[in-house]
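Sharing a model prediction with you, sequence too.
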Amino acid sequence: MTTKLTLYSDKNLIAQVKAYAKEHNTSVSKIVNTFFANLLQSQQGNHAESKITDSLTGILKGKEADTASYHHYLEKKYL
């Protein structure tokens, strides 16, 4: 379902966006819809990444994490 949305913007900007849309065989509505969809998707993605990062913060505090230890771990796991 679609609905009408009225936006106010700079006259020159609107002219440029309309020219861009015509050049790329699309509409201003599709450009705005794509922008909104990408904005919401990136916010949800960043929120998920933030939760993961927050859960891992401090997990190695007080532990030694170097390349040799990592290689040793991989050898034990796969050999």
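Nice, thanks for sending it over.

All the helices of the protein, residue numbers only.
Along the chain, counting by DSSP state H, helices occupy 11-23, 28-56, 67-78.

Just give me the lowest mean pLDDT stretch among those helices.
Of all the helices of the chain, helix 28-56 carries the lowest average pLDDT, namely a mean of 79.

what's that helix packed up against?
helix 11-23 (3 or more Cβ pairs under 8 Å, 6 or more residues apart in numbering; DSSP states H and E). Bear in mind the C-beta positions are built from the backbone N, C-alpha and C, glycine included.

for the helix it packs on, which positions count as buried?
Ala21 (16 or more other Cβ atoms under 10 Å).

got the angle between it and helix 28-56?
Angle between the axes of helix 11-23 and helix 28-56 is 100 degrees (criterion: axes from the mean of the first three to the mean of the last three Cα atoms, to 10 degrees).

Need the distance between the two termini of stretch 12-31.
End-to-end distance for stretch 12-31: 17 Å, by Cα to Cα, to the nearest Å.

if we can go back for a sec, dump the helices of the chain into a markdown table; add distance to Met1 as well.
Formatted as a markdown table, the helices of the chain follow (distance: least, Cβ to Cβ, whole Å):
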| stretch | distance to Met1 |
| --- | --- |
| helix 11-23 | 23 |
| helix 28-56 | 13 |
| helix 67-78 | 52 |
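
do you know which of these lies nearest Thr3?
Judged by Cβ to Cβ, the one of the helices of the chain that comes nearest to Thr3 is helix 28-56, at 11.2 Å.

Work out the gap between the closest one and the centre of the chain.
Centre-to-centre, helix 28-56 and its host chain are 5 Å apart (Cα atoms, centre = their mean, to the nearest Å).

do stretch 61-68 as well
So, by Cα atoms, centre = their mean, the centroid of stretch 61-68 is 31 Å from its chain's centroid.

How about stretch 19-39?
The answer for stretch 19-39 is 18 Å, by Cα atoms, centre = their mean.
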